[in-house]
Each structure stands twice: as structure tokens, then as C-alpha cells.
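In: structure for this input, please:
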Amino acid sequence: MTLDTTDKSASVPLIEIVIVTYNRKAELIDQLKLLTHLDYPKEAYSITIINNNSDDDTALAVDDFIQQNSNSRPQIKVLTLHENLGGSGGFSEGIRKAASQNRANYIWLLDDDATPQKNTLKLLVASAEKEAGKCIIGGVILDKSNTKKVTEAGAKVRWWRARQELLFNGESIGDLPSTPFESEYSSAACMLIPMDAAKKLQDFANFFLHFDDVEWCLRAREAGYKTLIEPKAHVAHPTKNKEYRPGIKYYDVRNFLYVSVMHYKVATPYLFIRFFVKAAICSLSHHKRKESQEIFKALLDFTTKTQGKMQ
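Out: Now for the predicted structure:
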């Protein structure tokens, strides 16, 4: 179902907001309520929801929201997929859809459990326009349980340490620079993409979860689009605990290896051996047996060029 609106004004850049959702209907509805009251002209942005085949009545909840706001702006569109393609597949569908419509100047990617402030979009767009729309603009991700605390403000890829180093992680928002600064990536939880970059780079890598935004930003940099973080543009997001979560280690290992092959191939043999040794060590501990199995499977699937959702 679509919430219709009139033709958009060209007085400000036009924005297509792309949200990927899976079984988070309550968080999504809360987010939609906020997004319909942004400090940005309502006729200048629209929303596309990519429903990753949710089974929690997300589709019904969104339809009800659209019905209740049938005389309001912005326009809301829903694309329901036949299977869960993960964050990477969902954002790829959204980017493809927005690019094919060819109406917006920018695409704003948002996680379904991210909570932007009223001025977040305006600040992102202002930074992008200062760069003549030739760079990716990311926001600062705050800890949703303590919005004075930074979870990340971009990151650097530490190839030889087999991880990404989150910038300003755990620091206060008062410690952030006052002006936009360069980063190797922006989290897809809050990423503003120029339309010409979306058309040129197209889909996220088929990673399902994790490191898809890292790979896309590295690819963007190689194509001439740097990534900047706008320190005043904030999005609150739940912070993941460090306890073992099924599947996450698999995606982290497999996808980091894929990113290294694509962008820093010299480190790939070392990374493969490092992960293999870690899996072997974890296998000696009963408490880390499952983690070990995931790493070994990730290494196997990497060698067989398996992508997408873990099977």
C-alpha cells in the first residue's frame, strides 16, 4: 500500500529514505512516527520500507499506519520480499528501487531500530551539499541506553588485526570534533548516499549481515567518493552486548575475508591463517565450541565462494 503525496518541491535536495526491517514492527512504527516529523520539508522526502519477509505482522502494522496517516506526507512505500535477504540484500533492493525511480538526489539508509533526531537529515544533507554531493555522509551512532555516549563515529579497517576500529567508541559526544571528518566507512544504520554514487556502485555485496557497509564505502572511495562523518548528526541505536550470538562470528569472519580479497588482497592469506588458529584454539574450550564451529564453517564457505545467508 502507498501513501500518496503531491509533486515534490525542488527548492531543497530530494531524499529517499530506505529502511530495511525484519520482525521489529514496534520499533519500525515508532521510527515512522518520528520520520514523519523531521525538520525537513515533508514534500522533499519519501520513505521506502524493505520488509525482509517478516512474520510478526509488520506488513499489517505498516498498512495500518499508512491508513491512519492517509492525508499526510511524506509518501511511504513498502516492498515486501519473498525471503529474508539480510541487511545487505534489503539495502540493495532499496538502493535499486530508488535509483530506478530517479527522483531523489540522495538516499538515506536507516536501520529499523535506529532513532534519528529531528534535525539529523537536515544536517546530513547540509554536509553533503558542501561537498557538492560527491561524498558519503555518515552520522554518529549513539548508545540508545545512554545518548551522551558514542558507539561509533565511523571506523578504520585494521587489516593486520583482523577487525575494524570504531572511532570515538565509548567516548562522550562532547569529545567529537566540531566539523565533519573523514572515515573509511559509515554504518548503514545512518548513511546518506548521493544518487550518482548509488547508480555507479549499485548493490551492497551479498554478505547478508556485517561488513557490507564497510565494503561499499571502500568501493566508493576507490570510485572517488570519500566518506565523511557529520558529528552533529546523531542516531541512537541499541548497543550489542559482547556475549556469543549465534551466526555473528560466521558473518564477521567470512565477510572480513571477502572484504580483504576485494580491497587489500595482500592480507588475505595471513587473515585466513589467523582465523584458522583462533578456531582451533576455541575448539579446545567447551564454552567456545560453537564459536569454533562457526569460524571453521566461515573459512570453508569462503574457500567455496559461498555468500548470502549462512546455510
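In: how about Val253: what's its closest non-neighbour residue?
Out: Leaving aside its sequence neighbours, Val253 sits nearest to Ala298 (C-beta to C-beta, 6 or more residues apart in numbering; 3.9 Å). (C-beta placed from N, C-alpha, C; glycine too.)
In: please apply the same query to Ile95.
Out: Excluding the flanking residues, the one nearest Ile95 by C-beta to C-beta, 6+ apart is Ala198, at 5.1 Å.
In: contacts only, for that neighbour.
Out: By C-beta atoms under 8 Å, 6 or more residues apart in numbering, Ala198 lies in contact with 95, 98-99, 107.
In: go through stretch 83-103 and flag the buried ones.
Out: Neighbour counts using 16 or more other C-beta atoms under 10 Å place 84-99 of stretch 83-103 among the buried residues.
In: who touches Gly224 in this structure?
Out: By C-beta under 8 Å, 6+ apart, Gly224 lies in contact with Lys134.
In: how near is it to Ser92?
Out: Separation of Gly224 from Ser92 (C-beta to C-beta, to the nearest Å): 21 Å.
In: cool, and Phe256?
Out: Phe256 sits 19 Å away from Ser92 when distances are taken as C-beta to C-beta.
In: can you name the two of the contacts of Ala198 that are farthest apart?
Out: Ala99 and Ile107 (7.9 Å; C-beta to C-beta).
In: let me see the ranges of the helices in the stretch 101-250 of the chain.
Out: For the stretch 101-250 of the chain, the helices defined by DSSP state H, counting those that start in this stretch occupy 120-130, 195-201, 212-222, 248-263.
In: residues shared between the contacts of Ala99 and Ile107?
Out: Contacts common to Ala99 and Ile107, judged by C-beta under 8 Å, 6+ apart, are 195, 198.
In: in its sheet, what does the longest strand along the chain sit against?
Out: In terms of residue count, the longest strand belonging to the chain (DSSP state E) is strand 226-237. Here strand 226-237 is paired, per DSSP bridges, with strand 115-116 (antiparallel), strand 135-143 (parallel), strand 181-183 (antiparallel).
In: among those, which is nearest Leu209?
Out: Leu209 lies closest to strand 135-143 among the strands paired with strand 226-237, at 16.4 Å (C-beta to C-beta).
In: tell me where the model's unsure across the stretch 101-250 of the chain.
Out: Scanning the stretch 101-250 of the chain for pLDDT under 70 picks out 242-243.
In: quick check: which element contains Ile47?
Out: Ile47 is part of strand 45-51, with elements assigned from DSSP states H and E.
In: tilt between that strand and helix 120-130?
Out: Using axes from the mean of the first three to the mean of the last three C-alpha atoms, to 10 degrees, the direction of strand 45-51 lies 110 degrees away from that of helix 120-130.
In: which strands or helices does strand 45-51 pack on?
Out: strand 15-21, helix 25-35, helix 58-68, strand 75-80, helix 86-101 (3 or more C-beta pairs under 8 Å, 6 or more residues apart in numbering; DSSP states H and E).
In: so for Pro41, which of those sits nearest?
Out: Evaluated over the helices and strands packed on strand 45-51, closeness to Pro41 peaks at strand 15-21, with 9.7 Å, by C-beta to C-beta.
In: if we can go back for a sec, the host helix or strand of the residue nearest to Val253 packs against which elements?
Out: For Ala298, the element it lies in under DSSP H and E is helix 289-303. In terms of contacts (3+ C-beta pairs under 8 Å, 6+ apart), helix 289-303 is packed against helix 248-263, helix 268-282.
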